[in-house]
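*Asks:* for reference, the sequence and a predicted model appear below.
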Amino acid sequence: MRWALVKVCLAVTTMVVVAFAVPLGLVVKEMARDRAFSNAEREAAVVVPALSITTDRDQLERVVASAGADDGMAVHLPAGDGRAAVDLGRQRAAASDVEAVRKLGRASTTDVPGGSALLQPVALSLGTVVIEVYVPESEMSNGVGTAWAVLAAVGVALVVGSVAVADRLGVRMVQPARRLVEGAHELGEGKLGARVPEEGPDELRLAAVAFNSMADQVVRLLANERELAADLSHRLRTPLTVLRLNAASLGDSPAAEQTRTAVAQLEREVDTIIRTAREAKPQTAAPGPGAGCDAAEVVRERMAFWSALAEDEGRKVRTAGVDRPVRIPVARADLAAALDALLGNVFRHTAQGTAFAVDVHNGDDAVIVLVSDAGPGIPDPEAAMARGRGSGTAGSTGLGLDIVRRLAESTGGDVRIGSSVLGGAEVRVWIQLDGREPVRRGHRGSVRRRRRLTVG
């Protein structure tokens, strides 16, 4: 914006300067010419009184010599009364031009070598005398170069001054706009304390006021949401306590032990939610250098947990790609929560006896976790990924898939829903390894990159 304003001001000022300087330069040149011929007319007027007094050649030659410097004047006397025509001084104009002026009786100018000549007719008793005054080219252009140089200097000064003023105005406009952009980026990156100085032009100042008001509203909304999440989570503690006490009385069977483990994990998750909400920190933080987990180990652990329930329901379970470590830049608890959400959906939305599988594909720059089943599939994947909507079936809110999506996008990856080789639904979780900023890929681009992956 700043340079655009400078360019516009430069163009406009240059046009104005040219529009005024060129005609003014021509006027100066014409004024110098008029001044030169006015001086010539005054020199011619000096000879007129002498011509009215005498026609003696010697006296007229002295008058012409004294009036016209450097042989710059000539007097042309007409013939008459047996007297031949007389030309006094140095004649430069053509004889035809002199005769034409004598017949017309009007002053005229004519071009001669080195300049111009003024031919001034004077009517006397002896006839029409023509006075010729030579005007050199240097005299007609005297002072024109200086005047043009002054005009050019003034024009350049105006252009430079206008550019400087435009630059200052551009800075005054651009700086508030740049601060507004920076504030928007900071707020988008999660820096809730980002604010913009309310200064600059009226429009930008109003935009800054609106931005600050919006940021304050976002902070209030997030604070209310955290408080609401903490309050709702805290309400779960009472039924969880009852559930834990009841689970303690179930005996020592594998199902009872599994139930107690699930209740303990649920209590830990609730406590984590409450602490996160109270501390105003995001639940999933970006891991630093060296952080993350072994995806294969987490998959083996969670499959061991769900295998007991799968065995009770007669489900066939298959895993692949978990026989060696697969490091990913995701916290262990977050990956476990995402797997539990996906496997929980399989048990919740497919009939007993439906097989499912978990595959881990390890590549140079990404890891893919596939959770597939032999159920009826997901008819509307887009609706299933929408937070708060889910697949549309009873008990589906879409929050589980939203957790998975946010985990993948925190690494720059994404989540896709399609059809599996088992005949049902397949959830493909793409986890990026190169640490790029989160992006949303097109389907074709994702497929091309995924072809490079190999099964671990």
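*Replies:* Arrived safely, thanks for sending.

*Asks:* determine the set of other helices and strands touching the longest helix seen in the chain.
*Replies:* Ordering each helix of the chain by length in residues (DSSP state H) puts helix 2-53 first. Where contact means 3 or more Cβ pairs under 8 Å, 6 or more residues apart in numbering; DSSP states H and E, helix 2-53 is packed against helix 57-67, strand 73-77, strand 115-124, strand 127-136, helix 137-140, helix 144-188. The C-beta positions use only the backbone N, C-alpha and C, and glycine is treated the same way.

*Asks:* dump those to JSON lines, plus mean neighbour count, distance to Val346 and mean pLDDT.
*Replies:* JSON lines is the format used below for those (neighbours: other Cβ atoms under 10 Å; distance: least, Cβ to Cβ, whole Å; pLDDT from 0 to 100):
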{"stretch": "helix 57-67", "mean neighbour count": "15", "distance to Val346": "122", "mean pLDDT": "70"}
{"stretch": "strand 73-77", "mean neighbour count": "23", "distance to Val346": "119", "mean pLDDT": "82"}
{"stretch": "strand 115-124", "mean neighbour count": "19", "distance to Val346": "107", "mean pLDDT": "86"}
{"stretch": "strand 127-136", "mean neighbour count": "23", "distance to Val346": "108", "mean pLDDT": "85"}
{"stretch": "helix 137-140", "mean neighbour count": "15", "distance to Val346": "102", "mean pLDDT": "84"}
{"stretch": "helix 144-188", "mean neighbour count": "15", "distance to Val346": "35", "mean pLDDT": "82"}
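
*Asks:* mind giving me CSV with these and columns for distance to Ser419?
*Replies:* Below are the helices and strands packed on helix 2-53 laid out as CSV (distance: least, Cβ to Cβ, whole Å):
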stretch, distance to Ser419
helix 57-67, 114
strand 73-77, 112
strand 115-124, 99
strand 127-136, 100
helix 137-140, 95
helix 144-188, 36
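
*Asks:* what's the closest of the ones you listed to Leu228?
*Replies:* Nearest of the helices and strands packed on helix 2-53 to Leu228, taken as Cβ to Cβ: helix 144-188 at 21.7 Å.

*Asks:* about what we covered before: nearest to Val209, out of the helices and strands packed on helix 2-53?
*Replies:* Across the helices and strands packed on helix 2-53, closest to Val209 is helix 144-188 (Cβ to Cβ), at 10.8 Å.

*Asks:* so the closest one versus helix 2-53, what angle?
*Replies:* 170 degrees (axes from the mean of the first three to the mean of the last three Cα atoms, to 10 degrees).

*Asks:* for the helix or strand following helix 144-188, packing partners?
*Replies:* Once helix 144-188 ends, the next helix or strand along the chain (criterion: DSSP states H and E) is helix 202-235. Using 3+ Cβ pairs under 8 Å, 6+ apart, the elements in contact with helix 202-235 are helix 144-188, helix 254-279.

*Asks:* angle of helix 202-235 against helix 144-188?
*Replies:* Using the same axes, to 10 degrees: helix 202-235 against helix 144-188 is 10 degrees.

*Asks:* where does pLDDT dip in the chain?
*Replies:* 1-6, 54-57, 66-71, 80-83, 229-238, 240-242, 273-291, 387-400, 435-456 (pLDDT under 70).

*Asks:* doesn't Asp111 make contact with Ala94?
*Replies:* No - between Ala94 and Asp111 there is no contact under Cβ atoms under 8 Å: 10.0 Å.

*Asks:* now do Arg406 against Glu225, distance only.
*Replies:* The spacing between Arg406 and Glu225, counted by Cβ to Cβ, to the nearest Å, is 15 Å.

*Asks:* ditto for Ala247
*Replies:* Taking Cβ to Cβ, one finds Ala247 at 32 Å from Glu225.

*Asks:* of these two, who's got more company?
*Replies:* Ala247 (17 against 11; other Cβ atoms under 10 Å).

*Asks:* for the more buried one, identify the helix or strand it belongs to.
*Replies:* Using DSSP H and E, Ala247 sits in helix 237-248.

*Asks:* so what's Leu339 closest to, chain neighbours aside?
*Replies:* Spatial nearest neighbour of Leu339, chain neighbours left out: Arg302 (4.6 Å); criterion: Cβ to Cβ, 6 or more residues apart in numbering.

*Asks:* how about the contacts made by the spatially closest residue to Lys29 that is not a sequence neighbour?
*Replies:* Leaving aside its sequence neighbours, Lys29 sits nearest to Val144 (Cβ to Cβ, 6+ apart; 5.1 Å). Val144 sits next to Val28, Lys29, Ala32 when contact means Cβ atoms under 8 Å, 6 or more residues apart in numbering.

*Asks:* can you tell me how far the second one is from Ala147?
*Replies:* The reference is to Lys29. 8 Å.

*Asks:* kindly reformat the helices and strands packed on helix 202-235 as a markdown table containing distance to Thr411.
*Replies:* Output for those, formatted as a markdown table (distance: least, Cβ to Cβ, whole Å):
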| stretch | distance to Thr411 |
| --- | --- |
| helix 144-188 | 18 |
| helix 254-279 | 20 |
